[in-house]
Every structure is written in C-alpha cells, then in structure tokens.
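Student: coordinates for the following, if possible.
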Amino acid sequence: MLLIRHAHAGSRRDWDGDDTGRPLSARGMAQAASLVGRLEGWAPVRVLSSPYRRCLQTVEPLAAALGVGVEIATELAEGADGAALGLVRRVGRQSVALCTHGDIIPMVLEALAAEDGLDVGSRLRQAKGSTWVLEERAGRFVTARYLPPPDGGTGLSRSDR
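Tutor: Okay, the predicted model is just below:
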C-alpha cells in the first residue's frame, strides 16, 4: 500500500475559494509528475484519492501511467478520522495507492502502530508529496517505509496541511 500525502498546494490563507477546490502549486505539479517514476514500480492496481482537488491532481499522473482511473474515496478527505483507518484495513491486501491529507496520515499510522505494532519510527514524517510504503500480512501491517518528497522536504510538521 502506498499512503501518499498530497503534493504542495500553497497556503490556505492565500486561497479565496472553498478549500476543497484548492489546486496544486507549480511546485506541487512537479512533485506529482515526479511521483510517477518513484511509485509506479510498486504497480498499484487501484488509485484512491480524497475528493479534494489537490489530492486528485497529485495522483492523476500516476494513475494515467498505470492505466487506471482515480477512485474518489470520501474516507480519505480531511477530517475523516476513523473512516480512513477503516478504508486502509479494507484494502490492505490490495496493491493500492491512497492519497490523503496531513491530518489523516498520522492518525492512520499511529493507529496501525498501536493496533499492529507497526514501527513508524519516533517522529511521523509527512511532507507534502511524500509517501509511506506499507506492507500488510495476514491482516496486520508489518512494515513501513517513508519516502520523502521528490524535492527533499522534511515533513515533520503535523499542522502543515
């Protein structure tokens, strides 16, 4: 499973419209394009995304390269809380890419650490455009590997959504 944080989308404060429509910045578009070469080797057969525009734009290039459509999953929207964890559990055995937000990723990883003993390290990293590669076996998530964003952001802030 690839758990992707949407790419750079600029500041909420600078966006006048509904936040669900906030697009990727030029930097974010470059990150999304770079994710293709970085992630297509895992060969996900499904790509699911939060309905927010910035998430969809993050995984559209990957889905196109894989020849699959992007499935909208409201469980991955900002503030979805436990619904996202339920989705992760339901699709855990599939080769799937999920794109979501900065509030969802730590919640999911912390729950998997508590419930499955998944080792996610001492600091949950989640830079915009980063990916966690998760492996599930027999209903438990057993390995987690963090891939920083293509442009090398640190991703230590939990509030940078």
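Student: list the buried residues of stretch 119-126.
Tutor: Taking 16 or more other CB atoms under 10 Å as the neighbour-count basis, stretch 119-126 is seen to contain the buried residues 120, 124-126. C-beta here means a position set from N, CA and C on the backbone, and glycine is covered the same way.
Student: so which of these is the closest to A144?
Tutor: Of all the buried residues of stretch 119-126, the one sitting nearest A144 is V120; the distance, using CB to CB, is 5.0 Å.
Student: check contacts around the closest one.
Tutor: The contact partners of V120, taken as CB atoms under 8 Å, 6 or more residues apart in numbering, are 109-110, 112-113, 132, 144, 146.
Student: include secondary structure, neighbour count and pLDDT when you put those into TSV, please.
Tutor: As requested, the contacts of V120 are exported to TSV (DSSP: H, G, I helix; E, B strand; the rest coil; neighbours: other CB atoms under 10 Å; pLDDT from 0 to 100):
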residue	secondary structure	neighbour count	pLDDT
L109	helix	24	96
E110	helix	14	95
L112	helix	25	97
A113	helix	16	96
W132	strand	23	97
A144	strand	20	96
Y146	strand	18	96
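Student: and the residues you listed as JSON lines, adding distance to H8?
Tutor: Formatted as JSON lines, the contacts of V120 follow (distance: CB to CB, whole Å):
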{"residue": "L109", "distance to H8": "21"}
{"residue": "E110", "distance to H8": "24"}
{"residue": "L112", "distance to H8": "26"}
{"residue": "A113", "distance to H8": "27"}
{"residue": "W132", "distance to H8": "18"}
{"residue": "A144", "distance to H8": "23"}
{"residue": "Y146", "distance to H8": "17"}
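Student: can you name the two of those residues that sit furthest apart?
Tutor: Checking the contacts of V120 against each other with CB to CB, the farthest-apart pair comes out as E110 and Y146, at 14.3 Å.
Student: R145 - how many residues pack around it?
Tutor: With neighbours defined by other CB atoms under 10 Å, the count for R145 comes to 10.
Student: can you pull out the helices in this structure?
Tutor: Per DSSP state H, the chain carries helices over the ranges 26-39, 53-66, 82-91, 104-116.
Student: give me the contact list for the last one.
Tutor: Judged by CB under 8 Å, 6+ apart, the contacts made with helix 104-116 from elsewhere in the structure are 3, 5, 50, 76, 78, 80-81, 84-85, 88, 100, 118-120, 124, 126, 132, 134, 140-142, 144, 158.
Student: gap between the residue sitting furthest away from the middle of the chain and P51?
Tutor: Summary for the chain: using CA atoms, centre = their mean, the residue whose C-alpha lies farthest from the chain's mean C-alpha position is D16, with a distance of 24.5 Å. Distance, D16 to P51, using CB to CB, to the nearest Å: 20 Å.
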